[in-house]
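Novice: sequence and predicted structure, then a few things I'm wondering about:
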Amino acid sequence: MKTIKTKKFTERLFENVQPIWVKNHHHPFVQELGKGQLDEEKFIHYMKQDYVYLIDYAKLFAVGVQKAHDLHTMGKFARILHETLNFEMELHRQFAAEFSITREELEATKPTPVNLAYTRYMLNIAQNGSLAEVVACLLPCAWDYWEIGKLLRKQYGDQLATNRYAKWIDTYDSDTFAEGAKWLIELMDELAEGKPERELAILEEHFQMTSKYEYLFWDMNYYKQDWPI
């Protein structure tokens, strides 16, 4: 008797989110960054906004520690939180310095309306929802940045030697970053297993919503949007 392979939940997420992610991948910010043609002021705007975004994104891993069901998962969330605060953000500061952005400027940055809406959406869901909902909110940023890193290397890898943004691509196409994304994908599948469709639909709604916010984040930085008043 032939065994029917059951589709993993993340395979469903990946297939259904493609219309959004394709737009993310073809956004002019992403493509011009890959070509090394992105206006420096747009990248500086991004670096500042991404820094304050990371501060709130890191808090989601702290919520993950709180809501984890076992010590192994607690430990993994705690390690990622530690690495984000003490290594990733330091690398961010070092890279920002190459564009004459000081630590003081980074830490004085106020989030734009899009940035604030994005992080508050995730934090609200995380604080009031289940561990699976925390992961559904965390996953698009980690997974799609990994996808973008791979895509840009495939598209423009032969031009990286002269691309001033090559370090950005190297970071998100790295084995280290991929490891974190893969762990979240595996955890999402583990947490989704056996859940009824009504709960899976809620998780997918969070995944789709945060993927849309990723598009808005690229757009916000490309057009250097801020508070109009």
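Specialist: Alright, I've got the coordinates. Numbering: from 1, shown residues only.
Novice: what helix or strand is residue 215 located in?
Specialist: Counting by DSSP states H and E, the element that carries residue 215 is helix 197-222.
Novice: now do the buried residues in that helix.
Specialist: Across helix 197-222, burial judged by 16 or more other CB atoms under 10 Å covers 200, 202-204, 206-222. No exception for glycine: its C-beta is placed from N, CA and C like everyone else's.
Novice: element containing the residue minimising distance to the centre of the chain, please.
Specialist: Closest to where the C-alpha atoms of the chain average out (CA atoms, centre = their mean) is residue 141, at 1.8 Å. Secondary structure assigned from DSSP H and E places residue 141 in helix 131-156.
Novice: tell me what that helix is packed against?
Specialist: The contact analysis (3 or more CB pairs under 8 Å, 6 or more residues apart in numbering; DSSP states H and E) places helix 131-156 against helix 9-25, helix 28-35, helix 40-67, helix 113-128, helix 166-172, helix 175-192, helix 197-222.
Novice: let's see 10 Å
Specialist: In this structure, helix 131-156 makes packing contacts with helix 9-25, helix 28-35, helix 40-67, helix 71-83, helix 113-128, helix 166-172, helix 175-192, helix 197-222, judged by 3 or more CB pairs under 10 Å, 6 or more residues apart in numbering; DSSP states H and E.
Novice: measure residue 221 to residue 49 for me?
Specialist: Using CB to CB, to the nearest Å, residue 221 is found at 6 Å from residue 49.
Novice: pretty sure residue 88 contacts residue 54?
Specialist: Yes - counting by CB atoms under 10 Å, residue 88 does reach residue 54; the two are 7.0 Å apart.
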